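Asks: After the sequence you'll find the predicted model.
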Amino acid sequence: MNVQVQPEKLTPKDFASDQEVRWCPGCGDYAILKAMHKALADMGVRPENTVFVSGIGCSSRFPYYMATYGFHTIHGRAPAVATGLKLSRPELDVWMVTGDGDALSIGGNHLFHALRRNIDINILLFNNEVYGLTKGQASPTSRVGQRSPSTPMGSVDSPAEACTFALGCNARFIARGIDVQAKELGELFSRARAHKGASFIEIIQNCIVYNDAVFADFTEKAVAADMQVHVKHGQPAIFGKERNKGLKLNPKTFALEVVTLGENGVTEADILVHDEKNRVLAGLLAALRPPHFPEVLGVIYCDPAPSYETAVAAQDAVARAKGPGDLDKLMRSGNTWQVT
Amino acid sequence: MNLQAKDIRGSAPDGAPVQKSELDAIVVRFAGDSGDGVQMLGSQFSMETALAGNSLATFPDFPAEIRAPTGTTYGVSAFQINFGSRVVKTAGDQPDVLVALNPAALMVNYKGLRKGGLVILDSGAFKEKDIKRAGFTVDPRTDGTLKEFRVMEIDISAQALEVAKPFGVSQKEALRTKNLWVLGLVSWMYDREMKSTLDYVSRKFGAEDPIGQANLAALRAGHAYGETHELAGDVAPVSMPSVKVEPGTYRLVSGAEALSWGLAAGAQLAGLELVLASYPITPSSPILHILARMKQYGITTFQAEDEIAACCAAIGASYAGKMGVTASSGPGIALKTEAIGLAISTELPLVVVNTQRGGPSTGLPTKTEQSDLFLAVFGRNADAPIPVIASRSPGDCFEVAIEAVRLATKYMTPVMLLSDGYIANAAEPWLIPTMANYKPFKVQFRTDPEGFHPFVRDPKTLARTWAIPGTPGLMHRIGGIEKDYNSGNISYDATNHQKMTDTRAAKINNIADDIPEQHVEIGDTKGKLAVVGWGSTFGPINRAVHNMRGKGLDVSHIHIRHVWPLPRNLGALLKSYDKVLVAEMNNGQMLQLLRGQYLVDAKGLLKVSGQPLKIVEVEDAIRSQLATQVQA
């Protein structure tokens, strides 16, 4: 006789597959992977009810290293595959891993529609501002002037901004984290999973081979505290080594400014208090970028709305309330005639 | 009152050959502006005719423009119906009767009418500017243009306006009842019961709606016009006895309906819920519309952002353990090809419906063609075989859709189902199937972790096991990268890739053992000539071969359903004929396939006009093939 045993508490290791990880040594992806293993263990999810769907690119190898269900699909199309999956099986936790090229170039259309439909999947966009797997071409988030094999004289493309894009798509959950900040990433993963509807997390990720140190102006230890602001709902946007800097809304220009507490009469009361349900504020925060502003990290926007698969399931339920359809009856409905 | 001389002019020239391909049957073609409601007129007349027990086939022939400028030739919409007291297999080569609701409709269609045929005109629509706009330099009623036909002029516009008066509808609405007026007249001509149309109009507008009442009045008035005018001669009511067919309950069915129901039936037989992910495209959209209203049958539909997403979402659904289906037409299928490759590589079931239309590119969206055979069989990067099956008629779509689901689930593979614009829109009487007569093919999802990896195969079918997310102990990763044969993990090993490629090919080739051997539709299994067709050319080929055999010619008809893999015996069968003629609506794709597979010296009867093959075209080709044989 089988004895039903309570599933044991899983550890981060239980979420690591037996496959050898094949990212370059020093790649930021390792840290994200580790953070995910730990976050899932902390959340107490079941690996059999968890699916990682990815597109193509370095980041999209992620599912192979998870001891969950995983689907490594085709370039740019992960949102569409994940949509079909979630629509079919709303009870599953669906995570999607993508990169800046996969999500914002070839898959831009699908990302847009997954976000605006608000299907309950957790989208992780690893942004390293470069095409890694194809050896270093400029990506849609590369900065103007970036030299690469495809832009030998420097990129002349105006870059896309992931969180601003997501906001424009009507995403209801937008967050930003950094690959090596495991604790913060874990919190974002947990928030994203808890959020019903599409969750979008941009993860700043360092490509050590093709775009090393491109984020150094805000990730280097020496400058991090002064160049990162970790926003939290209901708390003032204060940052800096001395915790004496803050973001302040200038009501005349309707723009955010960096101010120093104690200077020019600025007090904590002047500092912007983050309201993650404020879409206008989210737009201002998402657009702040170094070097003139600190990088905004944390949950930038979270304002839940009914999710797509819930609405679809509700319609299906209404239609099925009278019991299952009978094909024989359907085919005999309307005008028929007998031949004897 | 007898019909006046001015009402009917001309008569069939004495001794003129009546080129009716099907005796005991009549072909009527309705034509008007795309806003005249010609399709509704046609489909309601089809329903009346079906209920009268006649055999019938229809051909809705409409423009891509929704409402083209009125009176233009490119805005003409037509509906052709062939009906008879014997089994009708095509919508007819040549109309016997043409109803033209304006000069443009006459311009586009009069040349196709059989000599001696009847033209019914709405004289109220023949104003000088309308005539010019249609491209006639002089009034075609006066210059002999129509001298080979009998012409009946009725001011249908005036009749419709008059009839609608008591209901207080606008002039525009009143004129829009012309189609019902014509339907009334034609119903009288062929002794049709109008009850189904009366019900339809009442249902559509509601009993109290003045527009509905005007339409009903127009229908009755058209009928009364026929009665009271005692239209003379050939226009007198024709009574057509019902056709002798297999007993049972019948209905009219279009290809899109039968295909949608067949998909639902297939999923039911497989024990799966169905998820259809599609993007709107002509002429495939009706499948999305029909299935969207069938949620209570375990069906979920998803209108995706584009064709690629539609295919990918269907793949996601199959991965989740549903029957993922995507439906489109040529240009959309082209977009899906990379995703189909993913389903091939991950060996997930998927049904891809391709309702073919004229191409390349946007081509002729509302016209029919069979030119996606190469796309279906070969149109993917790398060695990527999938089964391809083709439907031959509207009703046959039901059977073929079930077969597509069966193959997809049993062999864990995408299957392409080829229909076309003609089949999708055409309707035919259909002996309604009974679900209990179909053998279920229930899918078993893997649950046993013992010895599991995602590419463990059934030794007989070579299909991989299907383990779905949510199953404890079977967590695994799949993707488009090559898999190791023995573990399912990614592998770049050279010999492994060879083995996996060979295995994928063998899996599809093995399907040939699981499909019926090719049979011969009519004629002997050997002889002088076989006419080979596939898909919607069934009707014209079958009738033509029947007719030519009646004239003593040694010709057989072979019709291929399983386009890939081909039936095991097909090569030997083709070689048992002196000659093989492949008749298809493309530039020789099945022809090339058969020549390549079997090294048979087949010839083609190839047509890409956007119009269905005609019986007479096949007959001529048969005569020509057999004549050259005699000379040789």
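Replies: Yes, it's here. Treat the numbers as computed from the prediction; the structure is a model and nothing was measured.

Asks: neighbours around residue B:334, how many?
Replies: Per other CB atoms under 10 Å in any protein chain shown, the neighbour tally for residue B:334 reads 17. Yep, even glycine has a C-beta here, placed from its N, CA and C like the rest.

Asks: Now for it: which residues touch it?
Replies: B:375, B:379 (CB atoms under 8 Å, 6 or more residues apart in numbering or on different chains).

Asks: Which single residue of the stretch 201-350 of chain B ends up nearest chain A?
Replies: Residue nearest to chain A within the stretch 201-350 of chain B (CB to the nearest CB): residue B:316, separated by 2.6 Å.

Asks: can you count the residues close to that residue?
Replies: Neighbours of residue B:316 (other CB under 10 Å): 34.

Asks: Check the separation of the first and last residues in stretch B:434-444.
Replies: 24 Å (CA to CA, to the nearest Å).

Asks: List the contacts of it.
Replies: Residues contacting stretch B:434-444 (CB under 8 Å, 6+ apart): A:327-328, B:265, B:268-272, B:402, B:406, B:409-410, B:466.

Asks: Just the buried ones from the residues you listed?
Replies: Buried members of these, counted by 16 or more other CB atoms under 10 Å in any protein chain shown: A:327, B:265, B:268, B:269, B:270, B:272, B:402, B:406, B:409, B:410, B:466.

Asks: surely the fourth one meets residue B:404?
Replies: No: using CB atoms under 8 Å, residue B:269 is not in contact with residue B:404, being 11.6 Å away.

Asks: looking at chain B, which residue lies furthest from center?
Replies: Of all residues in chain B, residue B:450 has its C-alpha farthest from the mean position, at 47.8 Å, by CA atoms, centre = their mean.

Asks: In a strand, that one, correct?
Replies: No: applying DSSP: H, G, I helix; E, B strand; the rest coil, one finds residue B:450 to be coil, outside a strand.

Asks: For residue B:465, see how far away it is.
Replies: Residue B:450 sits at a distance of 12 Å from residue B:465 (criterion: CB to CB, to the nearest Å).

Asks: Quick check: phi and psi at residue A:32.
Replies: phi -70, psi -40 (degrees, to the nearest 10).

Asks: Count the residues that sit near the residue nearest to it when sequence neighbours are not counted.
Replies: Using CB to CB, 6 or more residues apart in numbering or on different chains and skipping residues adjacent in sequence, the residue nearest residue A:32 is residue A:179, 5.2 Å away. As a burial measure, residue A:179 scores 24 neighbours (other CB under 10 Å).

Asks: doesn't residue A:31 make contact with residue A:179?
Replies: Yes: between residue A:179 and residue A:31 there is a contact under CB under 8 Å: 4.7 Å.

Asks: can you give me the helices for the stretch 101-250 of chain A?
Replies: Assigned by DSSP state H, counting those that start in this stretch, the helices in the stretch 101-250 of chain A fall at A:108-117, A:162-168, A:182-194, A:216-219, A:221-227.

Asks: These: which one's closest to residue B:56?
Replies: Of all the helices of the stretch 101-250 of chain A, helix A:108-117 sits nearest to residue B:56, with 43.0 Å by CB to CB.

Asks: what's near enough to touch the residue most central in space within chain B?
Replies: Nearest residue to the geometric centre of chain B (CA atoms, centre = their mean): residue B:423, 0.5 Å. Contact analysis of residue B:423 by CB under 8 Å, 6+ apart lists B:255, B:355, B:368, B:391, B:392, B:393, B:394, B:397, B:535, B:536.

Asks: Excluding sequence neighbours, find me the nearest residue to it.
Replies: The nearest residue in space to residue B:423 (CB to CB, 6+ apart) is residue B:255, at 3.8 Å.

Asks: Was I right to think that neighbour contacts residue B:419?
Replies: Yes: at 5.7 Å, residue B:255 and residue B:419 qualify as touching, with contact defined as CB under 8 Å.

Asks: okay, the two: which has more neighbours?
Replies: Taking neighbours as other CB under 10 Å, residue B:255 and residue B:419 compare with residue B:419 leading, 33 against 30.

Asks: Pick out the residue of the stretch 151-300 of chain A closest to chain B.
Replies: Closest point on the stretch 151-300 of chain A to chain B, by CB to the nearest CB, is residue A:169, at 11.5 Å.

Asks: one step back: okay, and the common contacts of residue B:255 and residue B:419?
Replies: B:355, B:391, B:397.

Asks: coming back round to it: ok, the residue nearest to residue B:423 - contacts?
Replies: Residue B:255 neighbours (CB under 8 Å, 6+ apart): B:355, B:391, B:393, B:394, B:397, B:419, B:423, B:424, B:425, B:426.

Asks: where in chain B is pLDDT low?
Replies: B:1-23, B:230-237, B:628-632 (pLDDT under 70).

Asks: and the longest helix for it?
Replies: helix B:210-229 (DSSP state H).

Asks: Partner strands of the helix or strand just after that helix and their direction?
Replies: Counting by DSSP states H and E, the element after helix B:210-229 in chain order, helix or strand, is strand B:248-254. Applying DSSP bridges, strand B:248-254 is found paired with strand A:336-339 (antiparallel), strand B:427-431 (antiparallel).

Asks: Can you say which of these is nearest to residue A:299?
Replies: strand B:427-431 (56.4 Å).

Asks: For chain B, give me its nearest residue in the stretch 101-250 of chain A.
Replies: Closest point on the stretch 101-250 of chain A to chain B, by CB to the nearest CB, is residue A:113, at 4.0 Å.

Asks: Quick check: pLDDT value at that residue.
Replies: With respect to pLDDT, residue A:113 scores 98.

Asks: who wins for neighbours among the contacts of residue B:423?
Replies: That'd be residue B:355 among these, by other CB under 10 Å, with 33 neighbours.

Asks: residues in the stretch 251-400 of chain B within reach of chain A, list them.
Replies: Neighbours of chain A within the stretch 251-400 of chain B, by CB under 8 Å from any CB of the partner chain: B:251-252, B:261, B:264-265, B:268, B:273, B:275, B:277, B:294-298, B:300, B:302, B:304-306, B:308-322, B:324, B:338-339, B:341-342, B:346.

Asks: Would you point out which residue is most central in chain A?
Replies: residue A:201 (2.3 Å).

Asks: ok, for it, nearest residue in space, not its chain neighbours?
Replies: Using CB to CB, 6+ apart and skipping the chain neighbours, the partner closest in space to residue A:201 is residue A:175 (4.7 Å).

Asks: Run through the residues that contact the one you found.
Replies: A:188, A:191, A:192, A:199, A:200, A:201, A:202, A:298, A:299, A:300, A:302.
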